[in-house]
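Visitor: below is the structure, and that's it, no one-letter string:
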């Protein structure tokens with residue numbers, strides 16, 4: 001069974017990753033934050049803030065962000081998936097929980113992580129569901145939120 005684990009950034013930085021396609025690192029960072037981790041041969045990078053509701057100036061995870069992530073995961077199908085964000089407890093936990101719940105990955109809790117998905121980012125989880133076609137209400141809410149952020153008034 002493939003497994004997924006979520007880890008803090010410092011753990012991902014210190015790991016010696018295998019150099020084969022059976023292992024993949026999903027790297028989540030703040031926009032404008034620390035540079036991406038580059039010593040992993042197989043990695044995908046995403047930049048969005050750890051917010052669950054719109055906050056002025058914050059970059060939220062969107063369906064458009066989720067689609068390439070889902071595409072990569074469907075093409076690569078890694079045996080071991082590592083997901084990191086700064087603290088390894090909210091954004092990365094949401095992706096890991098989603099992979100365990102929706103893709104059948106076994107959850108492996110890294111000894112240097114916080115050891116719980118209790119604090120996962122619900123917006124990231126719902127957005128992955130929306131991008132996967134599981135939650136159309138979340139998909140349309142995401143579209144409406146993006147329209148408002150771009151200055152659209154929805155016909156008012």
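Guide: Perfect, thanks for sending it. Everything numeric in this text was worked out from a predicted model, so none of it was measured.

Visitor: secondary structure element for the spatially most central residue of the chain, which one?
Guide: The centre of the chain sits closest to residue 95, judged by Cα atoms, centre = their mean, with a distance of 4.4 Å. Under the criterion of DSSP states H and E, residue 95 resides in helix 91-103.

Visitor: buried sites along that helix?
Guide: Residues of helix 91-103 classed as buried: 91-100, 103 (neighbour count, 16 or more other Cβ atoms under 10 Å). All C-beta spots, glycine's among them, are computed from the backbone N, C-alpha and C.

Visitor: pull the most distant pair out of those residues.
Guide: By the measure Cβ to Cβ, the buried residues of helix 91-103 have their two most distant members at 91 and 103, which lie 17.4 Å apart.

Visitor: tell me where this structure has helices.
Guide: Shown for the chain, the helices assigned by DSSP state H span residues 9-14, 63-76, 91-103, 122-131, 136-149.

Visitor: want to try TSV for the buried residues of helix 91-103, with distance to residue 5 and pLDDT as columns?
Guide: What follows is the buried residues of helix 91-103, written out as TSV (distance: Cβ to Cβ, whole Å; pLDDT from 0 to 100):
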residue	distance to residue 5	pLDDT
91	14	95
92	9	94
93	10	94
94	13	95
95	11	95
96	6	94
97	11	94
98	13	95
99	10	93
100	10	93
103	14	90
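
Visitor: if we can go back for a sec, contact partners for the residue nearest to the centre of the chain?
Guide: Shown here is residue 95, whose contacts under the criterion Cβ atoms under 8 Å, 6 or more residues apart in numbering are 4, 6, 26, 28, 69, 83, 124, 128.
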